[in-house]
Structure formats: structure tokens, C-alpha cells
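Engineer: Please work out how this folds:
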Amino acid sequence: MDMQTPEGPTEAAQQPRKEEPKSKEPSSARIPSIVVAVVIAAVAGLSIWYLVRPAPLLVQGEVDATRLDIAARVDGRVAEIPVVRGQDVAAGAVLVRIDNPETIAKHEQALAAKIVAEAQLANINAGTRAEVIAARKAALERAQAGVVLAQKTFDRVSQLAERGNAPVARLDQATDALHESERAVDQARSAHEQAVNGYTAEERQIATANVGKALADIKAVESIIDQMVVYAPVAAQVYQRNVEPGEYVSPGVPLVTLIDLADLWIHFDLREDLVKTLKIGDRFGVRIPALADRRIMVEVKLIATKGEYASWRATRATGDFDLRTFSIRAYPVDKVPELRPGMSAYMEWGTRR
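Structural biologist: Got it, this is the predicted structure:
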């Protein structure tokens, strides 16, 4: 059987081959690598940013208020303190009572001296008693009668002496007796006139001045007695009791310390390189940790230098002089009844607003 020789390529050989699709595995494998690289780059960038960025400056302050140290102007023992710590007191409320028996005794003495002075003034204003005037008049008449008798005696002795019937010594005695009688009349007349005219204007002024002095002494002692009861000058809260009943106190020693809750502010101590961005009237928010981190708005009303220096930083590489510290008072814009002295307050200086 004859074998047939193929005349041309077969049908399968004549059809072109289809190229097989390339594998997509290399592209899919690169996606996780890219994601990992991006994450690493982001972490590295954030780490560098956190390391390089300046740390926020946290400024801490403290709530403060006007404090009044109430002292007495007298000494003595504390008799009573009718207030307790933390109590709200009104203006004029009794804070302390002091006992001083010596001052009470001086007051009684001053009252007695006033009675004496007033009696003396009344006696002077009433003038001389009628009995005294009558007695002075009788004394004057008696002295005048003595002068008449002495004059008659002198005349008789003088006539006898002229005739040589009486010695000269007897005449001298009669002369002296006459002169004494005349002087007695002058004295009796002056006493009678004094009784009739009464006291002089100067004596009346002295008596009036004595009454005024007695009244002044009473007022002086009463002013001391008034100081034995210490009152609250303003409505405030009792912050501290410095003494207890029975203790001896001296003038000027603080007895009770009050705080005026109507005059609260927040105190900050700032370096002068921070104060340069601050001025009176600026407002910013602060947070109070004691009030659940509550944020309140405050206004700067005082910027004052302090007498101390912050030695922890120098402003120059050479010279090394220190930055001064300034005291800042910032008052709450709105009333915060829960705010109390001693509470902390803080803010981030760079982001204050």
C-alpha cells in the first residue's frame, strides 16, 4: 500500500499559536510592600515631628482673694468667738469679744470724775450762798465798829499825852490799834464784796473746762471699750481663727482672717519674655482642675514686677543676666460662685485665647 506524502502543512499547523497571558502575580505582591513603606515613612515622619516640634508651655496659676487680718486695738482675754471657720459673715457681724476688767474700772472712775466736775460747775454758777454774804457783812460791820472804838481810844490817849497825863508808849499802842482796825475793815470789806460778786469769769471757765475734760476722758475709755468687740468690716468668709477663748491678746495681733469672695483673681508668675505679648485688658481662658477642669474666661488687670529673679535661664550666651519675673492678676469675666482661693488654674501659653 502506497504511503501518501502530505502536500502541505496540516490544519493545526497552519493556525497561528495564541500567546498565553502573562502572570499578574508580581504586581499584586508589590502592593503590600508599598503600603508597609508608606506606613513606615509616616511613622518616621510623625516621630521626627514630635521630636522636633517645641513642647507646649503650660502656665500654672493659683486662685487668690483679698484677705483681711482683723486685729484688736486693746489687750485682754478673749471672752467669745461667735464665728467658725468657713462661715459667711455679714458686714458688722461680731467676730470676737474681749474681756478687760481694768478698762471697765477706768470707765467708772471717769464717770465719777464727771459728776464731781459738774457739781463744781453748778456750785460756781449758783454763786455765793446768802448765809455767807450775811456773815461777811456782819464781819465788815464788826470791823467798822472796832475802828470807831479804836479811833475814840486814840483821841483820848492823844489828849492825855498832850497834857502829860499819859505816857508816849500808850499813845503808840493806841495808834497801832487804830491802824489794825482800819486794815481789818479793808479785809472785811473785800471779803464782803467777793461774796456779793460771786466767782470770777476765769473760775467759771476753769470749772467748765474740768467738765469738758471729764467728758473727754469718758469718751476715750468708751472708745477702748468699743474696741473690745471686734466687728467684720465687710461681708466675707471666715478663713481662719487665730485665737481661742481664754487666750490673752495684745493690740495689733490678728484674731480672725477673712477672705472677700467678691474680690477673686487668678495669680500667675511669668518671665518677662512672655509678658511682652501680654497687655492690660487681654482675655484668655484657663482651666480649673478643682472644678472638673472647667474652663473660665479671665481678663488681665495687673502686670507688676516682682523683686526676685528667675535664675534658671540666661538670655545671652555671654553676660548671663537673668530674666525678671512679673506678677499677673487676671480676674474672672463672669462670676464663678464655686471658685475658692487656693485652687489651681492652668493654660497652654502658646494657644491661649
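
Engineer: Name all residues that make contact with the spatially most central residue of the chain.
Structural biologist: Note on the chain: the residue nearest the mean C-alpha position is Leu68, at 5.6 Å, using Cα atoms, centre = their mean. By Cβ atoms under 8 Å, 6 or more residues apart in numbering, the residues touching Leu68 are 233-234, 236, 257-260. (Each C-beta comes from the backbone N, C-alpha and C, glycine too.)

Engineer: Mind doing that once more with 10 Å?
Structural biologist: Residues in contact with Leu68, defined by Cβ atoms under 10 Å, 6 or more residues apart in numbering, are 232-234, 236, 239, 254, 256-260.

Engineer: and what of Arg156?
Structural biologist: If a contact means Cβ under 10 Å, 6+ apart, then Arg156 has 166, 174 as its contacts.

Engineer: any chance you could map the helices in the stretch 51-200 of the chain?
Structural biologist: Here the stretch 51-200 of the chain has its helices, by DSSP state H, counting those that start in this stretch, at 101-126, 130-163, 168-197.

Engineer: The shortest one packs against which elements?
Structural biologist: Judged by 3 or more Cβ pairs under 10 Å, 6 or more residues apart in numbering; DSSP states H and E, helix 101-126 is in contact with strand 76-80, helix 201-227.

Engineer: Let's see that with 6 Å instead.
Structural biologist: Judged by 3 or more Cβ pairs under 6 Å, 6 or more residues apart in numbering; DSSP states H and E, helix 101-126 is in contact with helix 201-227.

Engineer: Give me the distance from the helix it packs on to the chain's centre.
Structural biologist: The gap between where helix 201-227 is centred and where its chain is centred comes out at 31 Å by Cα atoms, centre = their mean, to the nearest Å.

Engineer: burial of Ala195, as a residue count?
Structural biologist: Using other Cβ atoms under 10 Å as the criterion, Ala195 is surrounded by 21 other residues.

Engineer: hang on, it packs against Arg136?
Structural biologist: Yes: applying Cβ atoms under 6 Å as the test, Ala195 and Arg136 come out as touching, 4.3 Å apart.

Engineer: Helices along the stretch 251-353 of the chain, start to end?
Structural biologist: 272-275.

Engineer: can you map out the strands along it?
Structural biologist: 254-271, 283-288, 294-314, 322-332, 344-348 (DSSP state E, counting those that start in this stretch).

Engineer: list the contacts for Gly61?
Structural biologist: Counting by Cβ atoms under 6 Å, 6 or more residues apart in numbering, Gly61 makes contact with 266-268, 345.

Engineer: Throw these into CSV and include distance to Ala166, thanks.
Structural biologist: CSV is the format used below for the contacts of Gly61 (distance: Cβ to Cβ, whole Å):
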residue, distance to Ala166
Ile266, 118
His267, 114
Phe268, 119
Ala345, 122
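
Engineer: Could you single out the nearest of those residues to Val147?
Structural biologist: Proximity of those to Val147, judged by Cβ to Cβ, is greatest for His267, which lies at 97.8 Å.

Engineer: hang on, isn't the closest one packed against Val63?
Structural biologist: No: contact between His267 and Val63 fails when scored by Cβ under 6 Å: they sit 7.7 Å apart.

Engineer: Which one's more surrounded, these two?
Structural biologist: A count of neighbours by other Cβ under 10 Å puts Val63 above the other of His267 and Val63, at 20 against 15.

Engineer: any idea how far the more buried one lies from Pro337?
Structural biologist: Between Val63 and Pro337 the computed distance is 13 Å (Cβ to Cβ, to the nearest Å).
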